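*Asks:* sequence unknown, structure follows:
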């Protein structure tokens, strides 16, 4: 049963907008390569293939303006003089920007951008002396995939392994319907159909090749019949002809030779060190159709053709249902505990306990599996920075190299999207504020080219992203002086600030050290927004700087925002929670051991003076307070330790976080709420905001009573109904 034409057209159009972003990213990366290697004809051909694909796909979707502009640029790139034109890389950058604006206008329904400037730049290529179509050099047509002369080492190894596993090898040729509106998208649909009937080992031609719009050819390892393959590949309005033929693979000895040869090639590749100069990033990936994983432990790894594009909202719905199951598990556990107390000798207790243990184990596996689906490599974000650093460096008159590492580190997709803006601001600041002009760096004995490094790595159950530069560093004295000028602090208070407290001033709203307003900096908006976004994500930021040597901003991010391990406690007969990974130890003390220093409550704990945070008022009268025992949770916020005073501990629990809207609960001191198995509502504290609040008030008696954190009974009942009903 086939989809109606309008439904298929909508599907192809959505696929185009997804693939177009990848094409623009490839165009930016190829333009950067061309700027570093001017005149490289292979890079110019790669740019032309990308523009050709964008032209064809946009024309098929009826995006006439974009298709015509891409066609004009493609024609200019086909000229012999294009590769040697000195401004070609700059023209390609401009084209990428204009194409992106046009796509945004098409997708969002906004006005189209001006294209006259780009058309004039393209005309520079066609008007150059000696501009004429490339000819004289003929390229061999791409051989059929079942010709082993055209197989790569990885493909040879995969084919040899499939043959040794007893699978049949088939060559499939599918001609794309000439009347198909979107041949490149049609190719992908054919790909998906072929991947369902076997293991795709080889695909030809290259997705960016002009021939890719006419037909697609496969080598397939399968146990299905040829008739079934033909029926599966024959998609109405997409495929006009389908041909299937059996491939007679090389003999066993040749298979062994192929496997050995491929393994040797793989060893040589892994032994060759990668060079990292200039703007470094991942090399441009091969098309998905050409990537074949090596066999491991007797099993072929999943090929890229088996990857599904799923809307993030669908995964969020599944994750939300998993959260509801976890709440259900807590309810069952609570009921089982009550059953055990009421009937301690009942034999069914053991069976219930075994069933609960089995359910908990399966639920934990399900939760981890869903969380892994949401995890994506940070390379998706890092890839946009080489182009951005290049542009900002030009605006500021700097010479900058960007080094990327840890791109394979996985992070929750929601968090990755949320930190895009803060990370962009930090990188722009590193170029404009951190890196000195080339002449100044030479005078200091430094290389004239500054270096900015983006590095990501896992640390426990957190992801750390570092943005570092080898520039001028941050002058703490200049920060104090600027804060005094802006009225953020007094000279007396500034003189008592430590270096860490001084650096925290840069996160105050309106703070900026720029002497004049430019396109890049000086507007007094930025670092405060960075901190507010990170606080909302339950993340922290730490600054490490050395004057004249450079600065590092270290972001510590949670792996996910949906489910956390938490430590619950009581304050004034109300239940609260904080992330378990923020607690380093739990201590017992007395009120008599709490001392007052500069309006702060502190506690000496194992030769360490610990600032204290009090969520409520002391419960005992003044005369008896000295004898009261306290629970102190030693927590880490950023790089500092604090003591959180609580009345009693409830225990550890896996909590499903529910967001709170402003109508339900208006304070930045709480990240969200959760509901326990017995119906209790627990508020999850935002520790960085709590610390900042106490630092602002500096009053022992105020605590957090006036912050809206401690709710009355009616408010908590309303909050419980909101959280339980899924409205929060």
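*Replies:* Arrived safely. Every value quoted in this text rests on a predicted model; they were computed, and no experiment measured them.
*Asks:* Make sure residue 390 is indeed in a strand.
*Replies:* No. Remark: residue 390 does not belong to a strand; assigned using DSSP: H, G, I helix; E, B strand; the rest coil, it is helix.
*Asks:* That one and residue 28, how far apart?
*Replies:* Distance, residue 390 to residue 28, by CB to CB, to the nearest Å: 9 Å. The C-beta positions use only the backbone N, C-alpha and C, and glycine is treated the same way.
*Asks:* Between the two, which has more neighbouring residues?
*Replies:* Neighbours were counted for residue 390 and for residue 28 using other CB atoms under 10 Å; residue 28 has more, 22 against 18.
*Asks:* Distance-wise, check residue 589 relative to residue 629.
*Replies:* Distance, residue 589 to residue 629, by CB to CB: 7 Å.
*Asks:* Counting neighbours, go ahead and name the busier of these two.
*Replies:* The residue with more neighbours, out of residue 589 and residue 629, is residue 589; 19 against 8, by other CB under 10 Å.
*Asks:* In contact with the more buried one, which residues?
*Replies:* 603, 605, 629, 630, 632 (CB atoms under 8 Å, 6 or more residues apart in numbering).
*Asks:* at 6 Å what do you get?
*Replies:* 630, 632 (CB atoms under 6 Å, 6 or more residues apart in numbering).
*Asks:* Report the beta-bridge partners for it.
*Replies:* Counting by DSSP bridges, residue 589 is bridged to residue 630.
*Asks:* is it true that residue 476 touches residue 499?
*Replies:* Yes. The criterion here is CB atoms under 6 Å, and residue 476 meets it with residue 499 at 5.2 Å.
*Asks:* And the two? Which one has more around it.
*Replies:* Using other CB under 10 Å, the more surrounded residue of residue 476 and residue 499 is residue 476, with 18 against 12.
*Asks:* Residue 343 versus the spatially closest residue to the more buried one that is not a sequence neighbour, what's the distance?
*Replies:* Leaving out its chain neighbours, the residue that sits closest to residue 476 by CB to CB, 6 or more residues apart in numbering is residue 502, at 4.6 Å. In this view, residue 502 and residue 343 are 63 Å apart by CB to CB.
*Asks:* Next: residue 35.
*Replies:* As judged by CB to CB, residue 35 and residue 343 stand 77 Å apart.
*Asks:* between the two, who's got more neighbours?
*Replies:* Remark: of residue 35 and residue 343, residue 35 carries more neighbours, 17 against 11, as counted by other CB under 10 Å.
*Asks:* Am I right that that one sits in a helix?
*Replies:* Yes. Counting by three-state DSSP, residue 35 is located in a helix.
*Asks:* My guess is it contacts residue 88. True?
*Replies:* No. Counting by CB under 6 Å, residue 35 sits too far from residue 88 to count as a contact (9.1 Å).
*Asks:* What are the boundaries of the strands in the stretch 601-728 of the chain?
*Replies:* 608-614, 629-637, 640-646, 648-656, 670-675, 681-685 (DSSP state E, counting those that start in this stretch).
*Asks:* May I see those strands organised as CSV, with distance to residue 312 and mean pLDDT added?
*Replies:* Output for the strands of the stretch 601-728 of the chain, formatted as CSV (distance: least, CB to CB, whole Å; pLDDT from 0 to 100):
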stretch, distance to residue 312, mean pLDDT
strand 608-614, 36, 85
strand 629-637, 30, 86
strand 640-646, 35, 88
strand 648-656, 18, 84
strand 670-675, 19, 78
strand 681-685, 23, 85
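*Asks:* looking at those strands, which is closest to residue 68?
*Replies:* Nearest to residue 68 among those is strand 670-675 (49.8 Å), distances taken as CB to CB.
*Asks:* tell me what the closest one is packed against?
*Replies:* Packing partners of strand 670-675 (3 or more CB pairs under 6 Å, 6 or more residues apart in numbering; DSSP states H and E): strand 681-685, helix 713-724.
*Asks:* Excluding residues flanking it in the chain, which one is nearest the residue most central in space within the chain?
*Replies:* Per CA atoms, centre = their mean, the C-alpha nearest to the average position across the chain is that of residue 416, at 3.3 Å. Ranked by CB to CB, 6+ apart and with sequence neighbours excluded, the top spatial neighbour of residue 416 is residue 381, at 5.6 Å.
*Asks:* Which positions in the helix or strand hosting residue 22 come out as buried?
*Replies:* Assessed by DSSP states H and E, residue 22 sits inside helix 5-36. Within helix 5-36, the residues that count as buried by 16 or more other CB atoms under 10 Å are 8-9, 12-13, 15-16, 19-20, 23-35.
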